[in-house]
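1. predicted model and sequence follow; I will ask about them next.
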Amino acid sequence: MNTDAGNAIRLADYSSVLFFIGAGMSAESGVPTYRGAGGIWGQYRYQDVACQRAFETQPERVLDFHEIRRQAVLACAPHAGHQALARLQAAHPRLQVVTQNIDGMLQRAGVLVDAELHGSLWRMRCTKHGIREDAATGHFHARRCPDCNAWLRPDITWFEDAVNENVFARTAEMIASTELFVSVGTSAVVYPAANFIPLAHRAGARMIEINPERTEASALFERCYALPASEALPALFA
């Protein structure tokens, strides 16, 4: 692969560009993954710490687990791929970013994220009073709603939860109208988020995949770069 500037993919040539970010982007920074060797679900049962049923019976245990997750994320730093994406977005304001990750690593690098498909570790939610922003620290600023004293839960999509239909509908609109679709670090096996890849293909977008290994969706892409995001994003785009 030739990565000199003359062969870079010029984002200015497209009226709309969307980067679709998966867990592999964060894993490069050392953020623990959920699946696979060493994954979180090899150490914990989601039924105990990451579903609404567990939260209703043992809210403190669930929140303790998510504070551990926060601390693990804060111990990691954005890598060259995150930083390159922030620079590209600053140079091309029409560049949109959709992430499947809940860790906030993109935002820490200065990336404006248009949609967080699975929510965020850095927000809390009250069933009655809605979203509460929470400081990006290892510990929750508050565990109970200041208005009704109900337990606050992390604003993320847990196992057994329905996805946020408004976020998914808005994402579908963005993807259906994008000219260049770049998938970065996603395994393409987490549904329903993985459905956005064939949607982009059907909509006629130019398709680029960046992932060290081929995925189940690789055949839908015009180009597949077997590279980590930290190498590919600074080299491939201008």
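-> Structure received. Numbers count the residues shown, from 1 in each chain.

2. look up phi and psi at the residue located most distally from the centre of the chain.
-> What lies farthest from the middle of the chain is Cys148; by Cα atoms, centre = their mean that is 31.1 Å. With angles defined as degrees, to the nearest 10, Cys148 sits at phi -130, psi 0.

3. can you pull the contacts of it?
-> Contact analysis of Cys148 by Cβ atoms under 8 Å, 6 or more residues apart in numbering lists 126, 128-129. Placement of C-beta: from N, CA and C, glycine included.

4. where does the chain have low pLDDT?
-> 1-6, 34-39, 41 (pLDDT under 70).

5. okay, now Ala136: neighbour count?
-> As a burial measure, Ala136 scores 15 neighbours (other Cβ atoms under 10 Å).

6. now the residue nearest to it when sequence neighbours are not counted: how far from Arg70?
-> Counting by Cβ to Cβ, 6 or more residues apart in numbering, the nearest residue to Ala136 once its immediate chain neighbours are dropped is Trp122, at 5.2 Å. According to Cβ to Cβ, to the nearest Å, Trp122 stands 8 Å off from Arg70.

7. cool, Ala238 as well?
-> Distance from Ala238 to Arg70, by Cβ to Cβ: 35 Å.

8. for Cys51, same thing?
-> Using Cβ to Cβ, Cys51 is found at 18 Å from Arg70.

9. again with Leu88
-> 28 Å.

10. list the buried residues in the single longest strand found in the chain.
-> In the chain, assigned by DSSP state E, the strand with the most residues is strand 119-126. If you call a residue buried by 16 or more other Cβ atoms under 10 Å, then strand 119-126 has these buried ones: 119-126.

11. what residues are up against the nearest residue to Trp151 once chain neighbours are set aside?
-> Among residues not flanking Trp151 along the chain, Pro59 sits closest, at 4.4 Å (Cβ to Cβ, 6+ apart). Going by Cβ under 8 Å, 6+ apart, Pro59 touches 143, 151, 153.

12. equivalent analysis for Gly185, please.
-> Applying Cβ under 8 Å, 6+ apart to Gly185 gives the contacts 21-28, 210-211, 228-229.
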